[in-house]
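# Okay, here's the prediction I keep looking at, along with the sequence it came from:
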Amino acid sequence: MKKNSMRTISIILAMVFTILLGVLGDTQSFAADKVADHNITYWVKNALRHDERIGASKITVRSQEGIVTLSGKVKNLAAKRYAALEAKKINGVLSVINKIEVKPSYRRDMDITHDVRRRILNSAVIESQGIHVTCMDGKVTLSGKVATWSEAQEARLLASEVRGVKDVKNGLWAEHKGKRNDQEIKNDAVAAIESDVYLSWLPITVSVKDGIVTLEGSVGSAYERDRASSDLFWISHVKGVKNNLKVEWWENRGVRKKTPAPSDDALKKAVQNTLNRDSRVDKLDISIKASYGHVTLDGSVPYRYQKRVAGQDVRDVVGVGWVTNNLFVRADLREDWAIRDDVEFNLNTDYSLNGFDIGVKVKNAVVTLSGATHTWHEKLHAEDIASHVRGVKRVINTIKVDWERRYSDAALTKEVKSRLKWNWTTHPVYDKIGVTVKNGVAILDGEVDKWSERREAGHVALHTEGVWTVDNRLTVHGYDYPWEEWHTKGPYSYDPLYNPYDNYNYDSLWW
């Protein structure tokens, strides 16, 4: 009996020792996975340097315990926001302190005020008339009451795009019509997070009280934390968001459950619910078809801006691989000369397009843009500006990009591969992604685990200096979609139009 008892105790001790070794081993592997500050600093600098929207030559980057501080100077407010947005995507970054100063060319406050007011009046998105604009030393303040949060953010976006603006303080108040109870808002908030390709199946909990949404739990990157807030403000009657999500560098990516490929009916329902939640989109006349991940939008919307937003919403739904946007714009009737005058004014007062000779022609509310820009982003930004003007039904963008080849295809291939390794979203699967660059076109192939990885890989490649465009042939594990068939129709080039509101400080917004 004594020998048996001793043997049992020995076995138990051995098991405990083994478990302890395993725990210690896991702890050591966690420690080994923590990214060193000097690596974070290097790769944040790399990301900013490659992004054509930023102009990072005068930006300084410091990292301490994963907290990145950006300082220095940029020429416009958008560059400051893009710098923080891209820094938050780097593996190991827990948060970003943005101390960058905006130093635009000097303009008189009265001229800036006039330009902001007119661009707000030109907007197809803003219907509210009670927006007040003031400017002091290049810093714009917006005040008054608007009907929706999307109007408030559109006004802020338009103000930030005007030449000479250093900062925008948004004091607009959204007064929602009708009522919704907290449970209805919570249902929409939970569904919004679960359907987002970047956030699905993360350990995020949602509660709502008096229209204010509180988020608890943890995410793996500062970008995911901000995106969770941005998804919620488009939901009707949300008054504010308390974002208590913690960014944990050790966040176990395995918490994301494997989701089966949705049926056509399930995908159609998910897309419909996503559009229903977005207060920016008039969805009454939109019909949806879904077939093996291919979603087709038919029907009409009142503004071209809504057509673009609807397409963006659908692309971000888990399970959507391809979008055909056939929405027709039933814009308000305006004289062609009035539309042309407003488009030209907006282009001439824009922070990044002033100095480019962009031609504007309008016939039957269809705008045709011509001329040349230095970058792909500037070309698409010009199209975006035109699409926001009241009365515009369609924009034909014939602007040429004066692309200068400065890197060999081999060098670009290596650079894209390195950047995929250091991006938080693509880091786990960077070795599964094949990269080939031919004449400045980055071709991505292979299989990834999540839709967010496919989407972000395209973004990383596109914003690598020297890459002209992206052919994203990545497939997603578990989704038996006709990927090859889609590429015969394209090839599918990555859509670089990202949500312009992604980088606002949503924690400070209350309506």
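Structure's in. What do you need?
# Kindly state the beta-bridge partners for Thr324.
In this entry, Thr324 is beta-bridged to Thr296, by DSSP bridges.
# so what's it up against?
Taking C-beta atoms under 8 Å, 6 or more residues apart in numbering, we find Thr324 in contact with 294-297. C-beta: built from backbone N, CA, C; applies to glycine.
# What distance do you get for it to Asp431?
Thr324 sits 33 Å away from Asp431, going by C-beta to C-beta, to the nearest Å.
# Val281 too?
Val281 sits 39 Å away from Asp431 when distances are taken as C-beta to C-beta.
# Where does pLDDT dip in the stretch 201-350 of the chain?
249-261 (pLDDT under 70).
# Same question for the chain.
Applying pLDDT under 70 to the chain flags residues 1-33, 249-261, 403-404, 487-511.
# try 80
Within the chain, the segments meeting pLDDT under 80 span 1-34, 52, 149-150, 176-178, 233, 248-261, 331-332, 376, 402-406, 485-511.
# Can you give the domain ranges for it?
1-32, 37-102, 109-174, 182-258, 264-329, 336-392, 409-488 (automatic domain parsing).
# To Lys400, which of those lies closest?
Relative to Lys400, the nearest member of the domains of the chain by C-beta to C-beta is domain 336-392, separated by 4.7 Å.
# from the chain's centre, how far out does the closest one sit?
Distance of domain 336-392 from its chain centroid, counting by C-alpha atoms, centre = their mean, to the nearest Å, is 23 Å.
# element containing Glu415?
Assigned by DSSP states H and E, Glu415 falls within helix 409-422.
# can you pull the buried residues of that helix?
Of all the residues in helix 409-422, those buried under the rule 16 or more other C-beta atoms under 10 Å are 409, 412-413, 415-417, 419-420, 422.
# before we move on, back to that, just want to know which of Val281 and Asp431 has more residues nearby.
Neighbour tally, Val281 and Asp431, criterion other C-beta atoms under 10 Å: the higher count belongs to Val281, 24 against 11.
# Might you report the residue contacts of that one?
Going by C-beta under 8 Å, 6+ apart, Val281 touches 275, 301, 306, 309-310, 313.
# Most neighbours out of those residues, which is it?
Ala310 (26 neighbours).
# Pull up the distance across stretch 127-135, start to finish.
Length of stretch 127-135, first residue to last, C-alpha to C-alpha, to the nearest Å: 22 Å.
# Also stretch 429-439?
First residue to last in stretch 429-439 (C-alpha to C-alpha) measures 25 Å.
# picking up where we left off before, and the contacts of Val281, which two are the farthest apart?
Val301 and Asp313 (11.9 Å).
# got the residue ranges for the strands in the stretch 101-250 of the chain?
101-102, 131-136, 139-146, 167-174, 204-209, 212-219, 240-243, 246-247 (DSSP state E, counting those that start in this stretch).
# Out of these, which is closest to Glu161?
That would be, of these and by C-beta to C-beta, strand 167-174, which comes in at 9.8 Å.
# Just the buried residues of the closest one, please?
Residues 168, 170, 172, 174 are the ones in strand 167-174 that count as buried (16+ other C-beta under 10 Å).
# And stretch 185-200, by the same measure?
Buried, per 16+ other C-beta under 10 Å, within stretch 185-200: 185-189, 191-200.
# try stretch 95-113
For stretch 95-113, burial by neighbour count (16+ other C-beta under 10 Å) applies to 95-96, 98, 100, 102, 104, 107, 112-113.
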